[in-house]
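[1] Requesting a structural model of the entry that follows:
(2 chains)
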Amino acid sequence: MTKKYAFFRGCFVPVRLPHIEAVAQKVFSDMGISLVNLDDFTCCPEPVGVGINDKMTWLSIAARNLAVAEENGLDIITVCNGCTYTLRHASHALNSNKQLRDKVNGIISDTGHAYKGNAKVSHFLEVLMNDIGTRKMKSAVKYPLSKLTIATHTGCHILSPKEIMEFDNPFDPTTLDELVMILGATPADYDKKTLCCGWALMTYGSREGAYALLKDKLGNMKLAQADCLTVVCPQCFYQFDMGQWIASRKDIPQYNLPALFYLQLLGLAMGYNLQEIGYDSHKVKNPEFENKIKMR
Amino acid sequence: MPISLEYKAKNELLQKFPKIETCLKCNTCALVCPVQYAGFSPTNTYVNNIFSSQEPEKNPNIWLCVSCHKCEEICPYEVKPLEVIEALKDEAFEKGYAPEAIREEINQVLTTGYAFPIFQSLHFINRERERRGLKPLGERKVGEIKKIAGKTGLENKMAGWKKK
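    Got it, this is the predicted structure:
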């Protein structure tokens, strides 16, 4: 039987990176997992801008989203570290504190929803590892990316706080490296691997700071001979693609290091071409990388 | 010298976060903090800048923190700078000091269900989605979000600032 997930797309992916949404649909469908769009989902809400400043509203809107999945009898799959952070924080807070859960259920009662705590939240990497499994992934890799050295950037909000996210070691994450090796590629061993992408720094405060950060991070990836980098969060993607492109016009050297969502790399290894993974939407392109893909 | 001696609002903040007193300025947090790229250094750390400012809730630098949790995970004394910074943001938000980018984002979530403006460019977004074989985006359940924000009081707070 095909396993079904409620596809929590969030805001960033469907609005700014539809090619990632399309790749997610295609890859999971080919892997035998069906992603169901639910019209009732709203913004998760975004943790750094909304979550910190009004915790009750943040938890309540998140609880409503969790309830929507629950009422449809589905667990949630996310494609964003921020959405995962918000939804998992809310589940954790509401499941461990009955008083808080009653209060939040009181707040959302007028919307016709009630949070019960039955929907599980998984980032797509967890679905790949736990539901599909490395053996099935390996057999789906028809065109190994053995010519590529790939710098992995797991991002912050899927790793920390580790007691709630329960994903990987925040200072030495290895999951994404292992998943890159399954594709036949070599993970780049680079300095500052767990440093933030700088997207939130740019959005809420310091553009110059974010560019200085990008320069350090991309420079280290380049030093480790990376052909491209890979991410699992749309904000990280945007920062390393659009951010790199803007910064390279005046503030930082031309690294020309293409950023790819992990699902795009998986798609390439399964035999999709560059057009099918939406590479034409990228701002940073590199002919050397493209050649290595074509020769895979 | 403990940081708290430099810190005028110490009574209130220290009561809430007594762990601040144990900060030894070892600067380990500066090694992992992404905000260091915005003009801070191991001898002038971001966390010290926040802890030692006179009216910390008015310090614009609190908004630079990206909540990556690295400082609290690496701190050898469990000072948890992030908790303090988030509490300061919370207080500053209540008092109306939050920057425009934050207020506008919250306004977007409450009025559209998306975290940023999309409806002016919806035509282009949906054309791109169609090209990728995806269904167009539309309105989200804003009425239900409005009910939630009405009950938590956030809607009133936002309306009050608009008048100012």
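[2] When you work out contacts or count neighbours from here on, use the C-alpha atoms and nothing else.
    Noted.
[3] the bottom helix or strand of chain B by mean pLDDT?
    None of the helices or strands of chain B scores lower by mean pLDDT, DSSP states H and E than helix B:10-16, at a mean of 69.
[4] what about whatever residue of the stretch 1-150 of chain A ends up closest to chain B, neighbour count?
    Nearest residue of the stretch 1-150 of chain A to chain B (CA to the nearest CA) works out as residue A:53 at 4.7 Å. A total of 25 residues lie near residue A:53 under the criterion other CA atoms under 10 Å in any protein chain shown.
[5] Contacts only, for it.
    Residues in contact with residue A:53 (CA atoms under 8 Å, 6 or more residues apart in numbering or on different chains) are B:86, B:89, B:90, B:93.
[6] can you rerun that using 10 Å?
    By CA atoms under 10 Å, 6 or more residues apart in numbering or on different chains, the contact list for residue A:53 reads A:47, B:86-94, B:98, B:102-103, B:106, B:154.
[7] Narrow the residues you listed to those in helices?
    Here DSSP state H is the test, and the contacts of residue A:53 give B:86-94, B:102-103, B:106, B:154 as lying in helices.
[8] from the residues you listed, which would you call buried?
    Burial by neighbour count, judged by 16 or more other CA atoms under 10 Å in any protein chain shown, picks out B:86, B:87, B:88, B:89, B:90, B:91, B:92, B:93, B:102, B:103, B:106, B:154 from these.
[9] Which pLDDT value belongs to residue 103?
    You didn't pick a chain, so chain A it is. We have a pLDDT of 98 for residue A:103.
[10] let's do chain B instead
    92.
[11] Might one say that it is in contact with residue A:50?
    Yes. Counting by CA atoms under 10 Å, residue A:50 is a contact partner of residue B:103 at 8.7 Å.
[12] now the strand or helix carrying residue A:26: how far from the chain's centre is it?
    Element membership of residue A:26, judged by DSSP states H and E, is helix A:18-30. Distance of helix A:18-30 from its chain centroid, counting by CA atoms, centre = their mean, to the nearest Å, is 13 Å.
[13] same question for that helix, mean pLDDT?
    Helix A:18-30 comes out at a mean pLDDT of 98.
[14] just checking, what packs against that helix?
    strand A:3-8, helix A:12-16, strand A:33-36, helix A:124-127, strand A:259-261, helix A:262-270, helix B:122-131 (3 or more CA pairs under 10 Å, 6 or more residues apart in numbering or on different chains; DSSP states H and E).
[15] Using a markdown table, please lay out those together with distance to residue A:161 and mean neighbour count.
    Formatted as a markdown table, these follow (distance: least, CA to CA, whole Å; neighbours: other CA atoms under 10 Å in any protein chain shown):
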| stretch | distance to residue A:161 | mean neighbour count |
| --- | --- | --- |
| strand A:3-8 | 21 | 21 |
| helix A:12-16 | 23 | 20 |
| strand A:33-36 | 27 | 18 |
| helix A:124-127 | 17 | 19 |
| strand A:259-261 | 23 | 24 |
| helix A:262-270 | 22 | 24 |
| helix B:122-131 | 34 | 16 |
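[16] Quick check: which of the ones you listed is nearest to residue B:72?
    Taking CA to CA, helix A:124-127 is the member of the helices and strands packed on helix A:18-30 nearest to residue B:72, at 24.9 Å.
[17] List the residues that contact residue A:149.
    Counting by CA under 10 Å, 6+ apart, residue A:149 touches A:180-181, A:184-189, A:221, A:224-229.
[18] one more time with 6 Å
    Residues in contact with residue A:149 (CA atoms under 6 Å, 6 or more residues apart in numbering or on different chains) are A:185, A:186, A:187, A:188, A:226, A:227.
[19] Show me which of the residues you listed are buried.
    Neighbour counting by 16+ other CA under 10 Å classes A:185, A:186, A:187, A:188, A:226, A:227 among the contacts of residue A:149 as buried.
[20] Using CSV, lay out these together with secondary structure, distance to chain B and pLDDT.
    Converted to CSV, those look like this (DSSP: H, G, I helix; E, B strand; the rest coil; distance: CA to the nearest CA, whole Å; pLDDT from 0 to 100):
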residue, secondary structure, distance to chain B, pLDDT
A:185, coil, 27, 98
A:186, strand, 25, 98
A:187, strand, 22, 98
A:188, coil, 20, 98
A:226, coil, 22, 98
A:227, coil, 24, 98
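[21] Give me the three-state assignment for residue A:77.
    Of the three states, residue A:77 takes strand according to DSSP: H, G, I helix; E, B strand; the rest coil.
[22] OK, contacts around it?
    A:5, A:7, A:8, A:122, A:123, A:124.
[23] how close does the first one get to residue A:169?
    Distance of residue A:5 to residue A:169, given as CA to CA, to the nearest Å: 26 Å.
[24] Which residue, other than its chain neighbours, is closest to residue 27?
    In the absence of a named chain, chain A is used. In this structure, residue A:27 finds its nearest non-sequential neighbour in residue A:267, 6.3 Å apart by CA to CA, 6 or more residues apart in numbering or on different chains.
[25] That was the other one, I meant chain B.
    Residue B:27 sits nearest to residue B:42 (CA to CA, 6+ apart), 6.1 Å away.
[26] Residue A:232: neighbouring residues, count only.
    23.
[27] my bad, residue A:213
    Quick note: residue A:213 (other CA under 10 Å) scores 24 neighbours.
[28] before we move on, what about residue A:135?
    Number of residues near residue A:135 (other CA under 10 Å) recorded here: 10.
[29] Residue A:138 too?
    With other CA under 10 Å as criterion, residue A:138 counts 17.
[30] What strand or helix carries the residue in the stretch 101-250 of chain A that chain B sits nearest to?
    Of the stretch 101-250 of chain A, the residue with the smallest distance to chain B, taken as CA to the nearest CA, is residue A:209 at 3.9 Å. Assigned by DSSP H and E, residue A:209 belongs to helix A:207-223.
[31] what comes up buried for that helix?
    A:207-222.
[32] ok, back up a step: confidence score at the residue nearest to residue A:27?
    Residue A:267 carries a pLDDT score of 98 in this model.
[33] how close does it sit to chain B?
    Using CA to the nearest CA, to the nearest Å, we find residue A:267 at a distance of 15 Å from chain B.
[34] Return the distance of that residue relative to residue A:122.
    Remark: distance between residue A:267 and residue A:122 (CA to CA) = 20 Å.
[35] ok, now residue A:44?
    Counting by CA to CA, the separation of residue A:44 from residue A:122 is 14 Å.
[36] cool, residue B:63 as well?
    Using CA to CA, residue B:63 is found at 29 Å from residue A:122.
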